[in-house]
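1. got a predicted model here, sequence first, then my questions.
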Amino acid sequence: MRLPYRFFVTAFLYLLLVSSSAFSQILVDVKTRLNEKNDLHFVKIAVVSALDSSKHFRTTEVGEKFSIWLTHFKRTTTGDSVRSEFDLEFHTPAMLTEGRFLKSKHLKIFFDSTGLSTQISPSDTVLSKLITQYLVATKMLNKFFKFLNISISSASLSTDPILALVIQPFMAKFLKEFNRRPSAFEAVEASLLAAKAVPEIERFALQRFPATFRDEQSKSSKK
């Protein structure tokens, strides 16, 4: 049976749309080693959610440009003071192996957990408010919002309801992937570590795939 001309035109335009969308984003795979899976479970979800909420990245398990390994997680507490850290490793695509090691960055955050232990099963709204408050307190809000392509006036940076609202796309992805309701401590810690990690991921990708970022900047300047 001979297919009509319109079918081929439609199919071509669809493939063009899909391919252009794929090329405009960098595919990455976020990994943890089996013996560290539980320790880094929440952090991985937060990193994946942040990447999938950005304009430059999309996570995948097949066809990635490079793989991101989260490893060597450690938490140290002194009273209510918390220090959390891990290594962010960049590898070539990983299928049956870990891929070839390219680069690593040791990341750490410090925060005061006062009051978090009482929030065992907080609502989405409470979690959003807590996370934005901690992002402000640790001075990571601006970089994290920039990565998520969120524009907000400086006057709004101290307004909790507005911050909680604009971070909702990230929070929706973040909370959807949990296999159980996270505590406030788990959600805050994971989000802060993700906010620390994603600028480093973007910096690494910019060095290896500068054309993707140049194309985006060129499009923005023409608008």
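-> Good, I have the coordinates. Numbers count the residues shown, from 1 in each chain.

2. C-alpha only now, for contacts and for neighbours.
-> Noted.

3. next up, phi/psi of D52, please.
-> Per-residue torsions, D52: phi -70, psi -10 (degrees, to the nearest 10).

4. and P182, helix, strand or coil?
-> Three-state call for P182 (DSSP: H, G, I helix; E, B strand; the rest coil): coil.

5. residues touching it, list them.
-> With contact taken as CA atoms under 8 Å, 6 or more residues apart in numbering, P182 is in contact with I120, S121.

6. any weak-confidence spans in this structure?
-> Filtered on pLDDT under 70, the chain yields the residue ranges 1-24, 151-166, 178-179, 213-223.

7. and the strands in the chain, which stretches?
-> In chain order, the chain shows strands spanning 26-32, 57-59, 66-78, 81-91, 101-112, with DSSP state E as the criterion.

8. closest to K176 out of the ones you listed?
-> When the strands of the chain are compared by CA to CA, strand 57-59 sits nearest K176, at 15.4 Å.

9. in this protein, which spans are helices?
-> When assigned using DSSP state H, the helices of the chain occupy the ranges 5-23, 41-52, 124-137, 141-147, 160-166, 168-176, 184-208, 210-222.

10. got JSON lines for the strands of the chain, with distance to Y134 and mean neighbour count too?
-> Listed next are the strands of the chain as JSON lines, based on distance: least, CA to CA, whole Å; neighbours: other CA atoms under 10 Å:
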{"stretch": "strand 26-32", "distance to Y134": "24", "mean neighbour count": "21"}
{"stretch": "strand 57-59", "distance to Y134": "25", "mean neighbour count": "20"}
{"stretch": "strand 66-78", "distance to Y134": "17", "mean neighbour count": "17"}
{"stretch": "strand 81-91", "distance to Y134": "13", "mean neighbour count": "18"}
{"stretch": "strand 101-112", "distance to Y134": "8", "mean neighbour count": "15"}
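
11. pipe those strands into JSON lines and attach distance to L193 per row.
-> Listed next are these as JSON lines, based on distance: least, CA to CA, whole Å:
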{"stretch": "strand 26-32", "distance to L193": "14"}
{"stretch": "strand 57-59", "distance to L193": "18"}
{"stretch": "strand 66-78", "distance to L193": "11"}
{"stretch": "strand 81-91", "distance to L193": "8"}
{"stretch": "strand 101-112", "distance to L193": "7"}
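
12. cheers, nothing more for now.
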